[in-house]
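S.K.: Just a sequence and a predicted model for now, questions to come.
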Amino acid sequence: MSQSNRPGVRNIAKVTCVGGGVIGAGWAAHFMRAGLDVAVYDQAAERESYLRESLANAMPALTELGMAPGATPSRVFFTTDFEEALAGTDFIQESGPENIDTKISLLSKIDAHTPPDVVIASSSSGFLSSKLRSGATKHPERILVGHPFNPPYLIPLVEIAGGDAARRAADHASAFYRSTGCEVVELDREIHGYIGNRIQYAVLREVLYLMSQGVADLESIDRAIAAGPAIRWAVMGLSSILFLGKSDPSLWGKFVESLGREMDRGYIAPASFQPDQALLQKYAEQVAKGIGVNGQAELIALRNAGVVGIRSELQRVRTRLAGSEHELG
Ligand SMILES: NC(=O)c1ccc[n+]([C@@H]2O[C@H](COP(=O)([O-])OP(=O)(O)OC[C@H]3O[C@@H](n4cnc5c(N)ncnc54)[C@H](O)[C@@H]3O)[C@@H](O)[C@H]2O)c1
């Protein structure tokens, strides 16, 4: 899991996480597991105890996923001193609040304080990288999006969105993230919300529609996702799964035509459906009173153990299938 010394790629030994909230602390756990030194900077001193607590809570999952030699939480260092956090760093993961003005000013400040070959990746959930780098005057071409899924130490996907201006930085970031065990998807062009979040929003819109129509309660809708499409999505993506929808692959084109007809026939929320504030409020209340009534601890324990189990089993299955292909070949 260590970063290889590829020509032109900065050897990465120290990562700085700017912002120590849910995502910054999650990234710190991920980079720590990969055997790196990690500095976490946050302007709020109380974030240190949150960071320590998050690392402790993540440890069972990190241990099961496998720690790199020498990886230990004591190599994660917290500071409220910006310059100290950036000193000697090789890679920056910015996870400040999702506010465009804050991001632009934070990223331009980081740009002004780091050598040009240090890639600056933002965890932003949807801003365009061209906008994020718009305040940077030194080396904006090394600022890009490195979007994780929560929590970054468990969900392997990182979406890299840099646009044409950051191709070289994107290559570096991609090699680095992969070396730490991430699954990287690079976007070919800029778009708000990238890929994974856009798909989640499409699903959320449908969930809100089903709720507004009184089709089922939210617990049932969640079960219909988790026990149905999502369990397949953990193994492969939507298009791979749909391709298996007919026993005869020569019928695939016709099958896709029928999916189009079904969409026309009202199998999805109408294009005119726009969730309003009242509906969003109702949704928030119903989740809090139902799914969330016992707080987060139980759900986090289930999520962590479940994701580790799925990842480990998938790894075993892929290795076994690759082995049998080799035998057949
Ligand atoms: N929460 C998620 O599920 C999720 C998933 C993927 C990406 N993201 C993105 O990651 C980023 C962080 O999200 P989060 O959920 O961790 O937010 P959060 O509110 O939990 O954490 C933000 C942290 O930034 C700190 N901060 C505020 N201003 C700062 C500054 N000027 N300098 C340094 N630190 C500062 C805050 O003290 C806080 O600790 C956002 O861009 C968000 O969109 C979030």
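M.R.: Great, that's in hand. The shown structure was predicted, so the numbers you read here are calculated from the model rather than taken from an experiment.
S.K.: use CA for all of it now, contacts and neighbours both
M.R.: Will do.
S.K.: which residues are contacting whichever strand or helix holds Glu257?
M.R.: Glu257 is part of helix 252-264 when elements are defined by DSSP states H and E. Residues outside helix 252-264 that contact it (C-alpha atoms under 8 Å, 6 or more residues apart in numbering): 243, 245-246.
S.K.: Could you pull out the helices in the stretch 201-329 of the chain for me?
M.R.: When assigned using DSSP state H, counting those that start in this stretch, the helices of the stretch 201-329 of the chain occupy the ranges 218-226, 229-233, 238-242, 252-264, 277-289, 297-328.
S.K.: Can you add mean neighbour count and mean pLDDT and give those helices back as CSV?
M.R.: Conversion of those to CSV gives the following (neighbours: other C-alpha atoms under 10 Å; pLDDT from 0 to 100):
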stretch, mean neighbour count, mean pLDDT
helix 218-226, 14, 98
helix 229-233, 14, 95
helix 238-242, 12, 96
helix 252-264, 12, 95
helix 277-289, 13, 98
helix 297-328, 12, 90
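S.K.: To Thr89, which of the ones you listed lies closest?
M.R.: Thr89 sits nearest to helix 297-328 of all the helices of the stretch 201-329 of the chain, at 29.7 Å, using C-alpha to C-alpha.
S.K.: Give me the helices and strands touching the closest one, please.
M.R.: Here helix 297-328 touches helix 47-65, going by 3 or more C-alpha pairs under 8 Å, 6 or more residues apart in numbering; DSSP states H and E.
S.K.: switch the cut-off to 6 Å
M.R.: Here helix 297-328 touches no other helix or strand, going by 3 or more C-alpha pairs under 6 Å, 6 or more residues apart in numbering; DSSP states H and E.
S.K.: any idea of the angle it forms with helix 47-65?
M.R.: Angle of helix 297-328 versus helix 47-65, following axes from the mean of the first three to the mean of the last three C-alpha atoms, to 10 degrees, is 40 degrees.
S.K.: quick one: is helix 297-328 near the ligand?
M.R.: No. Using C-alpha under 6 Å from any ligand atom, helix 297-328 never reaches the ligand; the gap is at least 12.9 Å.
S.K.: what about that helix, distance to the chain center?
M.R.: Remark: helix 297-328 is offset 18 Å from the chain centroid, using C-alpha atoms, centre = their mean, to the nearest Å.
S.K.: Tell me the secondary structure of Ala121, please.
M.R.: Judged by DSSP: H, G, I helix; E, B strand; the rest coil, the three-state class of Ala121 is strand.
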